[in-house]
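In: Got a predicted model here, sequence first, then my questions.
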2 protein chains.
Amino acid sequence: MPDRKVALPLSPLVQTFVLHFGEMGSRWGINRTVGQIYALLFVSERPLTADEIVDHLGLSRSNVSMGLKELQAWNLVRLQHRPGDRRDHFSTPDDIWQIVRTLAEERKKREIDPTLTMLRENLMQDAQTGEDGYAQDRLREMHDLLELLTGWYSDVQKLETERLLQLLTLGSKVQKVLEAKDRVMGLPARLRRSKAQDTEV
Amino acid sequence: MPDRKVALPLSPLVQTFVLHFGEMGSRWGINRTVGQIYALLFVSERPLTADEIVDHLGLSRSNVSMGLKELQAWNLVRLQHRPGDRRDHFSTPDDIWQIVRTLAEERKKREIDPTLTMLRENLMQDAQTGEDGYAQDRLREMHDLLELLTGWYSDVQKLETERLLQLLTLGSKVQKVLEAKDRVMGLPARLRRSKAQDTEV
DNA sequence: TGGTCTTTTCAGACATTCCTGAAAGGCCGA
DNA sequence: TCGGCCTTTCAGGAATGTCTGAAAAGACCA
């Protein structure tokens, strides 16, 4: 009779990978279990059932269920059904670029959008009052920066993978292209200043 | 006698901002206190001492000390001294672009580099063994992706702010530029495949 | 309807992180 | 060296977060 508490063996490579993802979890804003489940699905050739995950990772069934729920909330795993099988089968998208896009989108939604909303509301409300001069400038600066970044992001998110690859591979050479068309477009002036004293931290 | 537990009043605007940063802290991988301290420094026209932070936010002195230590580990605050004053004065860089660069650098260091290292080591070691075919492919795919992204990032990090702004403002128009020079440079082929079935999650 | 297989919920045990006051440490001028 | 001022360390209480087994809920078939 097999010991239900010991995980089914994984190859050393997969084992290392899964454990690493678990440990990195906290830095990525997910917990160990969720990281491990994701890692396992990522390297699995075929979709896995929740019970298979339990067997490989030695977690409780309920924990796996919650972990999968969280991964679904992140749009990071997909659910599939097999004919004649009631169980849910889980997998990650094969296309790694799709994963990057999803990750970027979800992190933006959780980490940027709320702040942008808050800044917008507060700046709109307090624009009239002249108090808080410096703080208000500072907040507007941050607001404009985030708008610029998210605007660029949404443009890039729309690119086909092929074009995105071009852009990434271009890398430093982009500088050349930019030097060619050497004209700055209309920008909020406050984002353009570069203070000399800010070189050293 | 003033109640030492009640924070010195902040303007409503600053108050909202500070509390928001505190609450977002968990999503950003820092704790509430650290978020609040950073927010306060960000909107302060002049550098603040630890005791001033205590007075404004109503935190314990030791907590502020630890929070500032963490912010320094992130390179997000700078320490200044005033002649004839022994106390440390803290501030954030004035140049908001400098802040973005620092943030990107530190997050990369904490969230990407360890994984890249782990992938490199494991792939080098297991390259010979033919086992684990799919997992190994998958890991190499992730490795190549991270290399590409960090390579691009390091190129962009080198750009002057003016050029970076150009790049960001260009946004969707970048597509046009790319269409012009329509040739894909030498890429790892496995990063280029785009599977049709991966459109739906 | 009852029986089987599967997923989800949830109370509470366990673990981790956060925060504080008290004490220790460091620096400087007298 | 002492005393004042400021910062850091640290033990342990408070607050959060994680994980589990047991029970409930849902889905399907006969």
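Out: Yep, it's here.
In: only C-alpha atoms for contact and neighbour calcs from this point on.
Out: Will do.
In: Mind giving me the packing neighbours of the lengthiest helix in chain A?
Out: The residue-count maximum for a helix in chain A (DSSP state H) belongs to helix A:133-158. Under the contact criterion of 3 or more CA pairs under 8 Å, 6 or more residues apart in numbering or on different chains; DSSP states H and E, helix A:133-158 touches helix A:113-126, helix B:161-170.
In: and the direction of the shortest one versus that of helix A:133-158, what angle?
Out: Using axes from the mean of the first three to the mean of the last three CA atoms, to 10 degrees, the direction of helix B:161-170 lies 60 degrees away from that of helix A:133-158.
In: again with the longest one
Out: In this structure, helix A:113-126 runs at an angle of 140 degrees to helix A:133-158, with the same axes, to 10 degrees as the basis.
In: just checking, A:Leu146 touches A:Thr115?
Out: No. If you go by CA atoms under 8 Å, A:Leu146 and A:Thr115 don't touch, sitting 9.0 Å apart.
In: Just name the most buried of the helices and strands packed on helix A:133-158.
Out: Of those, the one with the most neighbours on average (mean count of other CA atoms under 10 Å in any protein chain shown) is helix B:161-170, at a mean of 18.
In: Off-centre distance for that helix?
Out: Here the centre of helix B:161-170 is set off from its chain's centre by 19 Å, with CA atoms, centre = their mean, to the nearest Å.
In: can you check stretch A:53-71 too?
Out: Per CA atoms, centre = their mean, the centroid offset for stretch A:53-71 relative to its chain is 21 Å.
In: Buried residues, that stretch. List them.
Out: For stretch A:53-71, the neighbour count (16 or more other CA atoms under 10 Å in any protein chain shown) marks A:53-59, A:64, A:67-68, A:71 as buried.
In: If we check DNA strand D, which of the residues you listed are in contact?
Out: A:58-59, A:64 (CA under 7 Å from any atom of the strand).
In: of these, closest to B:Thr161?
Out: Using CA to CA, A:Val64 is the member of those that lies nearest B:Thr161, at 45.6 Å.
In: wait, does the lengthiest strand in chain A contact DNA strand D?
Out: Looking across chain A with DSSP state E, the single longest strand is strand A:85-91. Yes. On the criterion CA under 7 Å from any atom of the strand, strand A:85-91 is in touch with DNA strand D at A:Arg86.
In: And that strand, how far out from the chain middle?
Out: Distance, centroid of strand A:85-91 to centroid of chain: 25 Å (CA atoms, centre = their mean).
In: now stretch A:137-146
Out: Offset of stretch A:137-146 from its chain centre (CA atoms, centre = their mean): 23 Å.
In: repeat for stretch A:9-23
Out: 21 Å.
In: Wondering if it reaches DNA strand D at all.
Out: No. Against DNA strand D, stretch A:9-23 shows no contacts by CA under 7 Å from any atom of the strand, the least distance being 8.5 Å.
In: got the domain boundaries for chain A?
Out: A:12-91, A:94-168 (automatic domain parsing).
In: before we move on, back to that, and the longest strand of chain A, what does it pack against?
Out: Here strand A:85-91 touches helix A:32-42, strand A:48-49, helix A:50-57, strand A:78-82, going by 3+ CA pairs under 8 Å, 6+ apart.
In: With distance to A:Gln157 added, can I get the ones you listed in JSON lines?
Out: JSON lines is the format used below for those (distance: least, CA to CA, whole Å):
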{"stretch": "helix A:32-42", "distance to A:Gln157": "22"}
{"stretch": "strand A:48-49", "distance to A:Gln157": "30"}
{"stretch": "helix A:50-57", "distance to A:Gln157": "32"}
{"stretch": "strand A:78-82", "distance to A:Gln157": "21"}
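In: Out of those, which is the most enclosed?
Out: Buried most deeply of these, by mean count of other CA under 10 Å, is helix A:32-42, with a mean of 22.
In: neighbouring contacts of it?
Out: A:14, A:17-19, A:21-26, A:47-48, A:53, A:57, A:59, A:63-64, A:67-68, A:70-71, A:77, A:90-92, B:138 (CA atoms under 8 Å, 6 or more residues apart in numbering or on different chains).
In: same thing but at 6 Å, please
Out: When contacts are defined by CA atoms under 6 Å, 6 or more residues apart in numbering or on different chains, helix A:32-42 is touched by residues A:18, A:21-23, A:25, A:67, A:91-92.
In: What of stretch A:122-141?
Out: Under the criterion CA under 6 Å, 6+ apart, residues B:Val43 lie in contact with stretch A:122-141.
In: Show the end-to-end separation of it, please.
Out: Length of stretch A:122-141, first residue to last, CA to CA, to the nearest Å: 13 Å.
In: Tell me, how many residues neighbour A:Glu106?
Out: Applying other CA atoms under 10 Å in any protein chain shown, we find 16 residues neighbouring A:Glu106.
In: Leaving out sequence neighbours, find the closest residue to it.
Out: If the residues on either side of it in the chain are set aside, A:Glu106 comes closest to A:Trp74, at 6.4 Å by CA to CA, 6 or more residues apart in numbering or on different chains.
In: What's the separation between that neighbour and chain B?
Out: A:Trp74 sits 11 Å away from chain B, going by CA to the nearest CA, to the nearest Å.
In: for A:Glu111, same thing?
Out: Note on A:Glu111: its distance to chain B, by CA to the nearest CA, is 6 Å.
In: same question, A:Glu106
Out: Taking CA to the nearest CA as the criterion, A:Glu106 is separated from chain B by 12 Å.
In: That residue sits in which helix or strand?
Out: helix A:96-107 (DSSP states H and E).
In: Extract the C-alpha set from that helix and format it as CSV.
Out: C-alpha atoms of helix A:96-107 as CSV (Å, rounded to 0.1, in the frame of the first residue of the first chain):
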residue,chain,number,x,y,z
ILE,A,96,4.6,30.9,-24.4
TRP,A,97,3.9,34.4,-25.8
GLN,A,98,0.3,34.0,-24.9
ILE,A,99,1.4,33.4,-21.4
VAL,A,100,3.5,36.6,-21.3
ARG,A,101,0.6,38.6,-22.6
THR,A,102,-1.7,37.2,-20.0
LEU,A,103,0.8,37.8,-17.2
ALA,A,104,1.3,41.4,-18.3
GLU,A,105,-2.4,42.0,-18.6
GLU,A,106,-3.2,40.6,-15.2
ARG,A,107,-0.4,42.3,-13.4
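In: what secondary structure does A:Thr129 sit in?
Out: Following DSSP: H, G, I helix; E, B strand; the rest coil, A:Thr129 is assigned to coil.
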